[in-house]
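Asks: Sequence plus predicted model, see below.
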Amino acid sequence: MIFVHLKLSVLFICLCFGLFLLSLPVSAKPILNESSQHTLQDGPVITIAADSNYPPYEFLNDRGEPDGYSVELTKAIAQVMGFKVKIVMTDWESALNGLYSGEFDALQNIAYSEKRASNIIFSSPHSIANQSVFARIGDPKIRSIQDLKGKEVLVQNASIMHEYLLENNIDAIIIPMRTHTEALRQLSAGNYNFALIANLPSLYLSKEFNLNNIHPVFSPVDGQRLSYGALVGNENLIARFSEGLAILKNTGVQQKIYDKWLGTLGKDTSLLKTIGPLAIYILGFLSLIIVGIIVWNSMLRKEVEKRSLQLKAQQEQLIQADKMASLGVLVSGVAHEINNPTGLLIVNLPLLKSAWEDALPYLERHQEHQQITLAGLPFSRIKEEIPYVLHEMNHSTVKIRNIVNDLKDFARIESEDHKSEVSINHLVTTAIRLVDTSIRNATTRFELHLDASNPYIYANAQRIEQVIINLIINSCDSLNDSSKSIRLTTSSDTEHNQVIIQLEDQGCGIEAEHLSRLSEPFFTTKRDQGGTGLGLSVSTGIIASHLGSMSFDSIVGIGTTVIVKLPKVKK
């Protein structure tokens, strides 16, 4: 009984203290400063420029400090990746010019465009921003971007919408403003016709400054990706931000920051402001026992939910860690920024071919009077060789582009629930393209046999590709002689309505006592070769989540056979 009374007393005190804290204004609650939240590793400070007037993404708060969704996200990435950042608040034009001049290392909230991509590299996006045309209430509305022709349109100087109007030759009278606030106030005061600016910051600022006579009337473009951006040459820096952002997404931290700043915008989250602290005290005392039961049940439920989220986050981290390890193997031979020269070749090769075809009649007429040699070859032979060379160059360039696109698709982070009907043959051929170098280095006898019926499965294509890549790389690693073969086959089991992927290799094989442990996390027979023991464990989990199975059969010195079975989609 003493312990029961003690527990009730402690619960009563905790409830009263909690109610007291709830009744305090937000500004009175304890706030952890940066130094108390984490201790960063020693190293160079990365200077990040931000727009001081772009709430709720980034702005100066009442204490004159950087604040907002992007600011908090940047600090969280710096913490998880272990580097220091300095956030400099300024106007957008100065931030962008400072990036180009080298004054700042990166921008934390820059929209992607093809023009900017020629000088700037972008991280994976952390949010989507919509742009709107704002007008005064009662003024004539517009329904297309062409309606802005001849009209005075306010924009933020050097913003993505400023660039959009200039590049698309809208013939609007462009009025650049330093900040969103200046543009909104000018429009609200009756000056100029429209403002083409970011939707959410503008609504936020209109509410803050009581600009009630303006509203959004039209969205000229789709939502635009906001990312971290740095000058070309700082790929390592952007890679660190992308990796940190991926970790925050997989662990749910990014979603919490998003919900804090963007998910509850416009909602009054303080019940106490409505009913008052005194009513809360009375309700708490009168309902002490009921509240105690509710709190206890809530604590148990939250603990279960917390553990579930932790387990899911750990699984996602394992999948991403294995994926990044595989990706490191795949891209080891890919040159830096291969897309730009490849695109140049694809554009220029048809021009070169056309020039050769136009010049050919002149060369043939000249050949009638005088024997011509080009590149040390007679004209009769060069006439046959040039079309073939141009064709092969174009074919190889397209092949390079396809490989790079496949790598980009593989590296993109997708939710586990992102599933659709996909061809198993397509997944297998895509995976083979990605590991083509590993296959050619391992064996001269690679065989591929695809099911002629081209069966479909309902799956997350990226995850199934990851499984196939892991299995192929394991087979390549097991071969000690390039004359040994690897055979990959897809087939259908109509009786059990299944699609079968079978991979056979003539590698070194696996000891019998190890077969039952292949799906265990961190178990590997290749520890001395840098193996992590995650590949097959993650692959087994992926196949199980797709209601499939994966089995192994191996004989030391003979080889290994892996059979993956997945439910088939009825067509």
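Replies: Yep, it's here.
Asks: who does Phe134 bridge with?
Replies: Beta-bridge pairing of Phe134 under DSSP bridges involves Ala195, Pro216.
Asks: That one against Ser202, yeah?
Replies: Yes. Under the criterion of C-beta atoms under 8 Å, Phe134 makes contact with Ser202 at 6.1 Å. (Each C-beta comes from the backbone N, C-alpha and C, glycine too.)
Asks: intersection of neighbour lists for the two?
Replies: 184, 195, 216 (C-beta atoms under 8 Å, 6 or more residues apart in numbering).
Asks: Looking at Ile346 now. What's its pLDDT?
Replies: Per-residue confidence at Ile346 stands at 77 (pLDDT).
Asks: secondary structure class for it?
Replies: Put simply, Ile346 is helix when judged by DSSP: H, G, I helix; E, B strand; the rest coil.
Asks: Then Leu547?
Replies: What three-state DSSP gives for Leu547 is coil.
Asks: for the one 5 residues further on, same thing?
Replies: Of the three states, Phe552 takes strand under three-state DSSP.
Asks: pretty sure it contacts Val562?
Replies: Yes. Counting by C-beta under 8 Å, Phe552 does reach Val562; the two are 5.6 Å apart.
Asks: who's more crowded, these two?
Replies: Taking neighbours as other C-beta atoms under 10 Å, Phe552 and Val562 compare with Val562 leading, 23 against 16.
Asks: Please name the nearest non-neighbouring residue to that one.
Replies: Leu503 (4.7 Å; C-beta to C-beta, 6 or more residues apart in numbering).
Asks: Just read off the phi/psi values of that neighbour.
Replies: phi -120, psi 120 (degrees, to the nearest 10).
Asks: burial of it, as a residue count?
Replies: 19.
Asks: and what of Ile87?
Replies: Residues near Ile87, counting by other C-beta under 10 Å: 20.
Asks: nearest residue to it other than its sequence neighbours?
Replies: Nearest to Ile87 is Pro66, by C-beta to C-beta, 6+ apart, at 4.5 Å.
Asks: Any regions of the chain where pLDDT drops low?
Replies: 1-43, 264-280, 313-314, 316-337, 339-340, 399, 402-417, 521-535, 571 (pLDDT under 70).
Asks: For Tyr228, see how far away the residue nearest to the spatial centre of the chain is.
Replies: Taking C-alpha atoms, centre = their mean, the centroid of the chain lies closest to Ser124, which sits 4.0 Å from it. Going from Ser124 to Tyr228 by C-beta to C-beta, to the nearest Å gives 9 Å.
Asks: list the residues that contact both of the two?
Replies: With C-beta under 8 Å, 6+ apart, Ser124 and Tyr228 have common neighbours 242, 245.
Asks: residue farthest from the centroid of the chain?
Replies: The centre of the chain is farthest from one residue, His369, which by C-alpha atoms, centre = their mean lies 63.1 Å away.
Asks: Hmm, the residue nearest to Ile87 is touching Ala50, no?
Replies: Yes. The criterion here is C-beta under 8 Å, and Pro66 meets it with Ala50 at 6.3 Å.
Asks: what about the two, which has more around it?
Replies: Counting neighbours by other C-beta under 10 Å for Pro66 and for Ala50 shows that Ala50 has the greater number, 25 against 21.
Asks: Please report the distance of the more buried one from Thr489.
Replies: 54 Å.
Asks: Repeat that for Met81.
Replies: Met81 sits at a distance of 43 Å from Thr489 (criterion: C-beta to C-beta).
Asks: Arg440 now?
Replies: Distance from Arg440 to Thr489, by C-beta to C-beta: 20 Å.
Asks: of these two, who's got more company?
Replies: Remark: of Arg440 and Thr489, Thr489 carries more neighbours, 16 against 12, as counted by other C-beta under 10 Å.
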